[in-house]
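K.L.:
Here's my sequence, what's the structure:
(one chain, ligands or ions: 1)
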Amino acid sequence: MPDARTSDFTIELDAVSYEAGGRTVLSDLTLRCSSRRIGVVGRNGSGKSTLARLLAGLVKPGAGQVRLGGIDPFQDRRAALATVGILFQNPEHQIIFPRVAEEIAFGLRQQGMGRAQAEARTEAVLASFDKLHWKDAAVAILSQGQKHLVCMMAVLAMSPRLLILDEPYAGLDIPTRRQLGRYLTRAGTRLLHISHEPSDLADCDELFWLDRGRIVARGTPAELLPDFTAEMIRLGDLDDIADLAG
Ligand SMILES: Nc1ncnc2c1ncn2[C@@H]1O[C@H](COP(=O)(O)OP(=O)(O)OP(=O)(O)O)[C@@H](O)[C@H]1O
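P.N.:
This next block holds a predicted model:
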């Protein structure tokens with residue numbers, strides 16, 4: 001049976017461009033995609049995080065239009081809070097509050113939930129992850145993997161229709177990655193996973209390859225990942241690290 005939170009949901013980009021620091025970071029991106037597990041692959045600096053921030057409505061496109069499930073995530077912030085969540089590579093960039101429960105309740109309060117209801121929902125989410133005992137824990141003493149889990153619980157508590165993963169597994173060990181991956185699978189949320197690591201994206205239904213701010217290919221992991229990997233190895237064999245500064 002289709003999940004009511006995720007069915008009939010389309011990501012639409014129409015001629016989206018973005019400039020920063022005097023250079024074009026994303027250039028004329030146009031796509032429509034309704035797949036449940038979408039991957040965006042690209043090398044360092046190709047514009048992946050910028051695309052994630054545009055989709056999450058955290059930045060405004062310089063030109064063109066972004067729509068998620070029919071809403072403009074930058075213009076309609078209230079609708080965006082119910083529509084899209086994002087997990088960043090570094091949980092320190094996400095966590096604001098010193099205690100776990102405060103962090104989870106914050107997003108719910110932002111969504112307009114009353115204090116008592118937000119507290120009850122926070123406890124329910126912690127319990128569903130078997131982490132009710134973390135309620136008053138200080139975030140600062142948690143490990144990196146545990147901080148990632150706090151972010152994940154905080155985002156999933158808000159029941160977004162789309163969850164964007166901006167390389168959240170970088171720097172985590174294999175057991176922690178697998179455990180967080182299992183939590184996400186269990187949550188059943190529609191995902192857009194951004195990574196430069198092909199193995200992160202092998203389970204996606206559909207992939208987009210971003211290169212220098214443009215989509216250069218679209219297809220299944222089986223269609224794209226061998227070519228992507230071969231191209232990354234080819235580039236790695238060239239002395240083009242100066243490209244990182246360009
Ligand atoms: N606000 C900004 N000001 C100046 N340059 C920016 C800004 N935002 C992004 N850029 C530049 O745009 C390019 C793409 O950045 P982005 O972080 O989106 O790439 P990425 O594919 O996520 O890279 P990585 O995999 O290394 O995280 C980079 O060269 C970056 O320096």
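
K.L.:
Show me which residues of this protein sit near the ligand.
P.N.:
Residues of the chain lying near the ligand by Cβ under 6 Å from any ligand atom: 20-21, 25, 42, 44-50, 196. Using the backbone N, CA and C atoms, a C-beta is placed for each residue, glycine as well.

K.L.:
Could you rerun that using 8 Å?
P.N.:
The chain comes close to the ligand at residues 20-23, 25-26, 42-53, 89, 166-167, 194, 196, 210, 213, 244, 246, as judged by Cβ under 8 Å from any ligand atom.

K.L.:
ok, now how distant is the residue in the chain positioned nearest to the ligand from Asn44?
P.N.:
Of all residues in the chain, Gly21 sits closest to the ligand, at 2.7 Å by Cβ to the nearest ligand atom. From Gly21 across to Asn44, the span is 16 Å (Cβ to Cβ, to the nearest Å).

K.L.:
ditto for Gly188
P.N.:
In terms of Cβ to Cβ, Gly188 sits 31 Å off from Asn44.

K.L.:
Look at these two and report which has more neighbours.
P.N.:
Gly188 (11 against 8; other Cβ atoms under 10 Å).

K.L.:
Please report phi then psi for the more buried one.
P.N.:
Dihedral pair for Gly188: phi 70, psi 20, per degrees, to the nearest 10.

K.L.:
Quick check: buried residues in the helix or strand of the chain with the lowest mean pLDDT?
P.N.:
Least confident helix or strand of the chain, by mean pLDDT, DSSP states H and E, is helix 174-187 with a mean of 87. Buried positions in helix 174-187, judged by neighbour count with 16 or more other Cβ atoms under 10 Å: 176-177, 180, 183-184, 187.

K.L.:
Show me what the longest helix belonging to the chain packs onto, helices and strands only.
P.N.:
The residue-count maximum for a helix in the chain (DSSP state H) belongs to helix 221-236. Applying 3 or more Cβ pairs under 8 Å, 6 or more residues apart in numbering; DSSP states H and E, we find helix 221-236 packed against strand 37-41, strand 206-211, strand 214-219.

K.L.:
what's the angle from the helix or strand where Leu31 lies to strand 206-211?
P.N.:
Element membership of Leu31 [criterion: DSSP states H and E] is strand 23-33. Counting by axes from the mean of the first three to the mean of the last three Cα atoms, to 10 degrees, strand 23-33 lies at 160 degrees to strand 206-211.

K.L.:
Using CSV, write out the CA atom coordinates for strand 23-33.
P.N.:
Output in CSV follows, covering the C-alpha atoms of strand 23-33 (Å, rounded to 0.1, in the frame of the first residue of the first chain):
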residue,chain,number,x,y,z
ARG,A,23,30.5,32.5,-9.6
THR,A,24,27.8,30.2,-11.0
VAL,A,25,27.3,27.3,-8.6
LEU,A,26,24.2,25.8,-10.2
SER,A,27,23.3,26.4,-13.8
ASP,A,28,19.9,26.0,-15.4
LEU,A,29,18.7,22.9,-13.6
THR,A,30,15.5,21.5,-14.9
LEU,A,31,14.0,18.2,-13.7
ARG,A,32,10.8,16.5,-12.5
CYS,A,33,11.2,13.4,-10.3
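
K.L.:
Any chance you could list what contacts that strand?
P.N.:
10-19, 47, 50-51, 54, 61, 64, 206, 208, 212-215, 218 (Cβ atoms under 8 Å, 6 or more residues apart in numbering).

K.L.:
Just the buried residues from the residues you listed, in PyMOL please.
P.N.:
Buried members of the contacts of strand 23-33, defined by 16+ other Cβ under 10 Å, are picked up in PyMOL with:
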select buried, resi 11+12+13+16+18+47+50+51+54+61+64+206+208+212+213+215
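
K.L.:
which residue ranges form the helices in the chain?
P.N.:
Using DSSP H, helices in the chain cover 48-55, 77-83, 100-110, 115-128, 144-157, 174-187, 221-236.

K.L.:
okay if I get the ones you listed as TSV plus distance to Arg32?
P.N.:
Converted to TSV, these look like this (distance: least, Cβ to Cβ, whole Å):
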stretch	distance to Arg32
helix 48-55	13
helix 77-83	17
helix 100-110	28
helix 115-128	32
helix 144-157	25
helix 174-187	24
helix 221-236	18
